[in-house]
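S.K.: need a structure here:
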Amino acid sequence: MTHPDYRGNGFSKALMNHVLETYCDEYEMFYLFANDTVHDFYPKYGFVPYGESDFSMRVAPMSINKNGLRKIDCTVEEDLRLINKILQTRAPISNQFGIREDRGIFMFYALNVFQNDIYLVEEKEAIVIYQYEGNTIHLFDVVSQHKVDLMDLLTSISNTDTESIHFHFTPDLFTEKANCEPKKHSDLLFIRSKNDLNLNGAFCAPMLSHA
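M.R.: Prediction:
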């Protein structure tokens, strides 16, 4: 942002051009999330807005197995080392829109937003971030060095009264089974890409990639 006394001098334009010119040869795609006050700003620099979707799904009663599920404490050095180890070679949460090498933004959320909602499913070597709201699980991220069967994962994080799950990313396996609605929030996804993107179907950028 620019201090009010210095606005109107083209500093935002100069900064955007500098960033894009500096990194355009290193990356094929840039993306960001913008609130409704700047929706007209980013298209000037080749960014295209994309509408996202919310995915939710009813779940049938299932056998619950919480053995091996433990809470991660980010104030404990050993747990921090474990998070870093898994993050270094994480598999993207989605083949359609997933991220990797995201240690910085992940740790921001882990330390400041979800510090009480991070768990390790030991037998799957997976870090899971989720919250309960009534009978609904809000699943924010699954960090693992390999693909995790989400249905199998639910047996570790569900309770006997769980009725539905809300995915805060694109659940590849369940996209056709899940209820899909346009996402309603002021943060609009903008993408600038060198290549054509196949994002015509419903998708959701991982919430933990929002910055």
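S.K.: Any regions of this protein where pLDDT drops low?
M.R.: For the chain, residues meeting the criterion pLDDT under 70 lie at 62-63.
S.K.: Centre-most residue in it?
M.R.: For the chain, Pro206 is the residue whose C-alpha lies nearest the centre (Cα atoms, centre = their mean; 2.1 Å).
S.K.: Once you drop chain neighbours, what's closest to it?
M.R.: Leaving aside its sequence neighbours, Pro206 sits nearest to Phe169 (Cβ to Cβ, 6 or more residues apart in numbering; 4.2 Å). Using the backbone N, CA and C atoms, a C-beta is placed for each residue, glycine as well.
S.K.: For Gln131, see how far away that neighbour is.
M.R.: 14 Å (Cβ to Cβ, to the nearest Å).
S.K.: can you check Tyr27 too?
M.R.: Tyr27 is 32 Å from Gln131, where distance means Cβ to Cβ.
S.K.: ranges for the helices of the chain?
M.R.: 11-23, 77-88, 103-112, 150-157 (DSSP state H).
S.K.: got the contact list for Pro182?
M.R.: By Cβ atoms under 8 Å, 6 or more residues apart in numbering, the contact list for Pro182 reads 51-54.
S.K.: Show me which of these are buried.
M.R.: By the neighbour-count criterion of 16 or more other Cβ atoms under 10 Å, these include these buried positions: 52-54.
S.K.: In strands, which of these appear?
M.R.: The strands, defined by DSSP state E, take in 53-54 from the buried ones among the contacts of Pro182.
S.K.: with the buried ones among the contacts of Pro182 in mind, which one is nearest to Ile105?
M.R.: Glu52 (17.3 Å; Cβ to Cβ).
S.K.: Which residue lies closest in space to that closest one, excluding its sequence neighbours?
M.R.: Using Cβ to Cβ, 6+ apart, the nearest residue to Glu52 is Lys183, at 4.2 Å.
S.K.: Met29 too?
M.R.: Ser193 is the one closest to Met29 (Cβ to Cβ, 6+ apart), at 4.3 Å.
S.K.: What about that neighbour, how many residues nearby?
M.R.: 15 (other Cβ atoms under 10 Å).
S.K.: Please give me every residue in contact with it.
M.R.: Ser193 is in contact with 28-30, counting by Cβ under 8 Å, 6+ apart.
S.K.: So Phe47 is in contact with Phe33, correct?
M.R.: No - contact criterion Cβ atoms under 8 Å: Phe47 and Phe33 do not qualify, at 11.0 Å.
S.K.: who has more neighbours, these two?
M.R.: A count of neighbours by other Cβ under 10 Å puts Phe47 above the other of Phe47 and Phe33, at 20 against 16.
S.K.: how much space is there between the residue lying closest to that one once chain neighbours are set aside and Lys184?
M.R.: In this structure, Phe47 finds its nearest non-sequential neighbour in Phe190, 3.9 Å apart by Cβ to Cβ, 6+ apart. Using Cβ to Cβ, one gets 17 Å for the distance from Phe190 to Lys184.
S.K.: what about these two, which has more around it?
M.R.: Neighbours were counted for Phe190 and for Lys184 using other Cβ under 10 Å; Phe190 has more, 21 against 7.
S.K.: hang on, Ser12 packs against Thr2?
M.R.: Yes - using Cβ under 8 Å, Ser12 is in contact with Thr2, at 6.2 Å.
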